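[1] Got a predicted structure plus its sequence, pasted below:
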Amino acid sequence: MSTTRKKPATTPMKSKNVWGDRLQPPFKAVGDHIGVDLPGGRALFCTRRGGVSGEPFEELNVGLETNDYMPAVEENRERVARLIGIPRERWLESKQVHGADVRIVDELPEPAAAPIEADGVATTLEDAAAVVVTADCLPVALIAPDGVAMIHAGWKGLAADVLKKGVEQMREGGIEGDIQAAIGPSIGVCCYEVNTHVHRAFMRYPRGTARLSNHAHLKNVARLQLQHAGIPLDRIHDVDICTMCAPRSLFHSHRRDYGADPQDTGRQASAVWRVADSDPGD
Ligand SMILES: [Zn+2]
């Protein structure tokens with residue numbers, strides 16, 4: 001029958017309890033998004049819910065380089081700013097280039113300044129958020145009592161040691177406390193089939209852990225790299241959610257949504273900021 005309605009591509013989910021028991025501590029539901037509190041800071045991994053973008057970017061697309069209607073992207077960014085309680089002029093962002101450069105930023109950027117090219121920002125600034133945008137790549141929050149970093153880690157960045165460099169950059173920037181890491185929603189080994197070129201980039205990691213026949217396990221690579229940088233395994237937390245096989249209504253996924261133009265895929269926001277452990281006066 002030619003009039004048959006197309007099956008919806010997404011699994012409907014109840015908005016009241018999106019996560020059910022899907023999130024394990026330290027991760028927790030923050031409305032339709034995912035939060036994590038670790039000593040010294042807080043991170044929020046946003047889903048694509050709660051924004052104003054239309055198809056194919058619905059709803060919460062924060063990607064400035066996407067083909068979305070920019071006033072909608074700006075409104076979505078304002079909504080994220082309200083969610084995290086940090087205004088956009090206090091966001092520390094970079095122009096992400098799939099490299100391994102992570103910058104320490106200790107002054108707020110001038111409003112009109114061109115963004116630095118890097119794949120992560122570390123900071124000791126208070127009341128400022130380090131922000132990355134992703135759509136399958138790993139958003140990785142690094143949180144210490146005296147500073148935080150947010151890193152964008154795709155396969156190219158991981159192959160170039162972006163997480164190890166991120167930790168080194170925090171140390172160079174004077175962040176000395178124990179670092180904990182939180183790996184946000186990103187493509188899982190379940191969906192990350194790769195060609196030999198990508199597979200070979202991870203040859204130095206153990207077979208069966210980082211490389212599985214024709215798949216790459218980027219989250220395990222991330223864990224190994226963070227351990228190699230000196231973070232013990234019990235301080236590395238993975239929300240263990242795959243952006244590609246989760247319902248389409250939850251996450252932008254470059255692989256799943258890739259159309260004729262990669263900029264037709266939206267991006268979700270991940271932010272981290274410092275939070276004092278306790279108020280001495282209380
Ligand atoms: Zn998957």
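    Structure's in. What do you need?
[2] residue boundaries of the helices in the stretch 151-282 of the chain?
    Counting by DSSP state H, counting those that start in this stretch, the stretch 151-282 of the chain has helices at residues 155-159, 162-172, 196-200, 218-228, 254-257.
[3] where's the third one relative to the chain centroid, distance-wise?
    What that stands for is helix 196-200. 23 Å (Cα atoms, centre = their mean, to the nearest Å).
[4] residues from the stretch 101-250 of the chain in reach of the ion?
    Within the stretch 101-250 of the chain, the residues that sit near the ion (Cβ under 5 Å from the ion) are 188, 190, 191, 242, 244, 245. In short, each C-beta sits where N, CA and C put it, glycine included.
[5] tell me the contacts of the second one?
    So the one you mean is residue 190. Contact partners of residue 190, counting by Cβ atoms under 8 Å, 6 or more residues apart in numbering, are 242, 244, 245.
[6] who wins for neighbours among the residues you listed?
    Ranked by the number of neighbours (other Cβ atoms under 10 Å), the contacts of residue 190 place residue 244 first, at 20 neighbours.
[7] Which residue comes closest to that one once chain neighbours are left out?
    In space, and not counting its chain neighbours, residue 244 is closest to residue 191: 3.9 Å by Cβ to Cβ, 6 or more residues apart in numbering.
[8] cool, residue 23 as well?
    Nearest one to residue 23, counting by Cβ to Cβ, 6+ apart, is residue 29 at 6.0 Å.
[9] And for residue 93?
    Leaving out its chain neighbours, the residue that sits closest to residue 93 by Cβ to Cβ, 6+ apart is residue 131, at 5.0 Å.
[10] What pairs with the helix or strand harbouring that neighbour, parallel or antiparallel?
    Using DSSP states H and E, residue 131 falls within strand 129-134. Here strand 129-134 is paired, per DSSP bridges, with strand 91-92 (parallel), strand 268-274 (antiparallel).
[11] Distance to residue 123, mean neighbour count and mean pLDDT added to the ones you listed, as TSV?
    Shown next, in TSV, are those (distance: least, Cβ to Cβ, whole Å; neighbours: other Cβ atoms under 10 Å; pLDDT from 0 to 100):
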stretch	distance to residue 123	mean neighbour count	mean pLDDT
strand 91-92	6	25	97
strand 268-274	8	28	98
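[12] Can you say which of the ones you listed is nearest to residue 148?
    strand 268-274 (4.6 Å; Cβ to Cβ).
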